[in-house]
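> This is the structure alone, sequence omitted:
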């Protein structure tokens, strides 16, 4: 199988460990187990003694019941039988394509977005067509353009809500219109929802699963719940034929998720409002800081994010984004992601969900680098 190099992940792998100011990270500032136990009021000794006494079997093959109950609480209409647990959201996205897509199937993917949503189906021989998001349209899908791409053999429409890298957020009405178009050709809609619930306003963030019977939600414990180290995600759908097929395919490449991962994730989801309150406060505070910085810098501009943890920031310098970000990293220690990783030239993706002091220092370093490059 031939597949395009995963640009954003290769960039992160190359530079993340040595970054002085990591404002490329997309997870809300991660918590330790000690912090999780303290935040949730969990008795650390009791939890660890109980877990350490367990035999390390495969555990609940289809997922720990407490975990699946917690996942259901993130949706309005989901039942525990409609969940497939996976190795992170990346494993979930891969598993959806592995289960559904065959050579020749039309797959429509928005762009910019996480590269998995188009490179994996391309590697399976799908007829991948792109629905380009533009700043002029608020980085939201153009329904007229979507209609032009739909054919009777369209298997899947891939969207990402909130969007990575722009932070755009689709409304309930827009999601319903996309679902209606998909229904017209009997297509699935896969929505990567890993940033769902991280809104700037106190509002319910809709899931495609609650709006469309062939909607597929993918999410994880990484971004919203600050627990990327668990490597735990899930697929959710009301389509029972699809769910059964997922479990059948899962037997070949996963079997089950980790006992410890599921136990810790269950604690987080049982106390989800505590973690969501912490993390929403962080992203709202930090986006205000980022927004002030953009307003103060004459050579940068962006479409302000509505949700999530990332912003796509454009700069007015004649330096390609990979070169810009590489030089800036080595000269200042500021670590961001080149826009060219998302096929967006002369831009950078900034992750603003880190510690406030890291964000402020990183933005200051970017300003210094831009000032030093004026006139090039």
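Noted; the coordinates are in hand. Remember, it's a predicted structure, so these values are computed and weren't measured experimentally.

> What about residue 220, how many residues nearby?
27 (other Cβ atoms under 10 Å). Using the backbone N, CA and C atoms, a C-beta is placed for each residue, glycine as well.

> That one against residue 229, yeah?
No: using Cβ atoms under 8 Å, residue 220 is not in contact with residue 229; the gap is 11.5 Å.

> Give me the three-state assignment for the residue nearest the centre of the chain.
In the chain, the centroid-proximal residue (Cα atoms, centre = their mean) is residue 194; its distance is 3.8 Å. The three-state label given to residue 194 by DSSP: H, G, I helix; E, B strand; the rest coil is coil.

> Confirm for me that it is in contact with residue 221.
No: Residue 194 is not in contact with residue 221 according to Cβ under 8 Å; the separation is 9.6 Å.

> Find the residues that touch each one of these two.
residue 233 (Cβ atoms under 8 Å, 6 or more residues apart in numbering).

> okay, how far is it across stretch 338-350, tip to tip?
9 Å (Cα to Cα, to the nearest Å).

> try stretch 214-225
End-to-end span of stretch 214-225 (Cα to Cα): 26 Å.

> quick one, what contacts residue 233?
With contact set as Cβ under 8 Å, 6+ apart, residue 233 has these partners: 85-92, 194, 218-222.

> how about the nearest residue to it, chain neighbours excluded?
residue 220 (3.4 Å; Cβ to Cβ, 6 or more residues apart in numbering).

> Report how many residues lie close to residue 288.
Quick note: residue 288 (other Cβ under 10 Å) scores 12 neighbours.

> gap between it and residue 333?
Residue 288 sits at a distance of 24 Å from residue 333 (criterion: Cβ to Cβ, to the nearest Å).

> do the same with residue 198
Distance from residue 198 to residue 333, by Cβ to Cβ: 27 Å.

> Can you report how many residues lie near residue 248?
Close neighbours of residue 248, defined as other Cβ under 10 Å, add up to 10.

> Could I get the buried residue list for the helix or strand hosting it?
Using DSSP states H and E, residue 248 sits within helix 240-253. Buried residues in helix 240-253, defined by neighbour count with 16 or more other Cβ atoms under 10 Å: 242-243, 246, 249-250.

> And for stretch 171-188?
Neighbour-count burial for stretch 171-188 [16+ other Cβ under 10 Å]: 174-175, 178-179, 181-182, 187-188.

> ditto for stretch 117-132
In stretch 117-132, counting by 16+ other Cβ under 10 Å, buried: 117-122, 124, 126-129, 131.

> same deal with stretch 299-317?
By 16+ other Cβ under 10 Å, the buried positions in stretch 299-317 come out as 300, 302-303, 305-315.

> ok, the residues you listed vs residue 10, which is closest?
Nearest to residue 10, judged by Cβ to Cβ, of the buried residues of stretch 299-317 is residue 310 at 17.7 Å.

> can you list the residues that contact stretch 61-72?
With contact meaning Cβ under 8 Å, 6+ apart, stretch 61-72 is reached by 78-80, 83-85, 234, 236, 247, 255-257, 262-263, 265-266, 268-270, 272.

> From the residues you listed, keep the buried residues only.
Counted by 16+ other Cβ under 10 Å, those give 78, 83-85, 234, 236, 256-257, 262-263, 265-266, 268-270, 272 as buried.

> So which of the residues you listed sit within helices?
Here DSSP state H is the test, and the buried ones among the contacts of stretch 61-72 give 262-263, 265-266, 268-270, 272 as lying in helices.

> Which one of those is nearest to residue 53?
Nearest to residue 53 among these is residue 263, at 12.4 Å by Cβ to Cβ.

> Hmm, residue 51 and the closest one touching each other?
Yes: the criterion here is Cβ under 8 Å, and residue 263 meets it with residue 51 at 6.1 Å.

> Which residues are in contact with each of these two?
Common neighbours of residue 263 and residue 51 (Cβ under 8 Å, 6+ apart) do not exist.

> OK, contacts around residue 314?
300-302, 339, 344, 346-347.

> doesn't residue 132 make contact with residue 140?
No: look at residue 140 against residue 132 with Cβ under 8 Å: they stay out of range, at 11.4 Å.

> Just the ones of the buried residues of stretch 171-188 in helices?
Short answer: these in helices (DSSP H) are 174-175, 178-179, 181-182.

> Can you give me the buried ones in stretch 199-217?
So for stretch 199-217, counting by 16+ other Cβ under 10 Å, buried means 199-200, 205-212, 214-217.

> Export those residues as a markdown table, with columns for secondary structure, pLDDT and distance to residue 169.
Below are those laid out as a markdown table (DSSP: H, G, I helix; E, B strand; the rest coil; pLDDT from 0 to 100; distance: Cβ to Cβ, whole Å):
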| residue | secondary structure | pLDDT | distance to residue 169 |
| --- | --- | --- | --- |
| 199 | strand | 97 | 7 |
| 200 | coil | 97 | 9 |
| 205 | coil | 95 | 7 |
| 206 | coil | 97 | 10 |
| 207 | coil | 98 | 13 |
| 208 | helix | 98 | 13 |
| 209 | helix | 98 | 17 |
| 210 | helix | 98 | 16 |
| 211 | coil | 98 | 15 |
| 212 | coil | 98 | 18 |
| 214 | coil | 98 | 22 |
| 215 | strand | 98 | 17 |
| 216 | strand | 99 | 19 |
| 217 | strand | 98 | 15 |
